[in-house]
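Q: please find the sequence and the predicted model below.
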Amino acid sequence: MTTSISIQQAAAATGLSIHTLRYYEKIGLIDPVPRQSNQHRLYRQEDLRWIEFLLKLRATGMSIQQMLRYAELRRMGEQLGSVSERKTLLERHTEALEAELLVLQDTLAMLRDKVALYADMEEKLKATLNA
């Protein structure tokens, strides 16, 4: 049995606004969501899993255009061209993220060094005041 939830519940579950969910559907980032006879959207578990994946991609800085391309390729199904291009898209994005992480790690190390320097200076200044 497939459980479906309303757009309000989907918004709460994903952290996206109702407006954003509608927008993602309108631009083709998510597939058209099945509707009740009264035209209210009913999000299925597979819709929520796909949105969760999109949120992960968005959190890593992937552009909407790249996510749209991925969604388009996904709709093509398990064809060699589609699978290969999806893999390549994710590989390139992974490489870009790894490069960003190296920069962030270098920056973090520099900040830790500065914090340690100021902690040392602070201790020396406190010792001078107490002398």
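A: Noted; the coordinates are in hand.

Q: quick one, phi psi at Leu42?
A: phi -130, psi 110 (degrees, to the nearest 10).

Q: the closest residue to it other than its chain neighbours: neighbour count?
A: Sequence neighbours aside, Ser4 is the residue nearest to Leu42 in space, at 3.7 Å (criterion: C-beta to C-beta, 6 or more residues apart in numbering). Every residue, glycine included, has its C-beta placed from N, CA and C. Neighbours of Ser4 under the rule other C-beta atoms under 10 Å: 15.

Q: and the pLDDT at Ser4?
A: Here the pLDDT value assigned to Ser4 is 92.

Q: can you name the residues in contact with the worst-scoring helix or strand of the chain on mean pLDDT?
A: The helix or strand of the chain with the poorest confidence is strand 4-5; it has a mean of 93 (mean pLDDT, DSSP states H and E). Identification of contacts with strand 4-5 by C-beta atoms under 8 Å, 6 or more residues apart in numbering yields 13, 34, 42-44, 48.

Q: 7 Å instead, please
A: 42-44 (C-beta atoms under 7 Å, 6 or more residues apart in numbering).

Q: other SSEs contacting the helix or strand following it?
A: Downstream of strand 4-5, the first helix or strand assigned by DSSP states H and E is helix 7-14. With contacts defined as 3 or more C-beta pairs under 7 Å, 6 or more residues apart in numbering; DSSP states H and E, helix 7-14 has these neighbours: helix 18-27, helix 45-59.

Q: give me that answer again for 10 Å
A: The helices and strands touching helix 7-14, judged by 3 or more C-beta pairs under 10 Å, 6 or more residues apart in numbering; DSSP states H and E, are strand 4-5, helix 18-27, strand 43-44, helix 45-59.

Q: can I get the ones you listed in TSV with distance to Ser82?
A: Shown next, in TSV, are the helices and strands packed on helix 7-14 (distance: least, C-beta to C-beta, whole Å):
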stretch	distance to Ser82
strand 4-5	27
helix 18-27	20
strand 43-44	22
helix 45-59	16
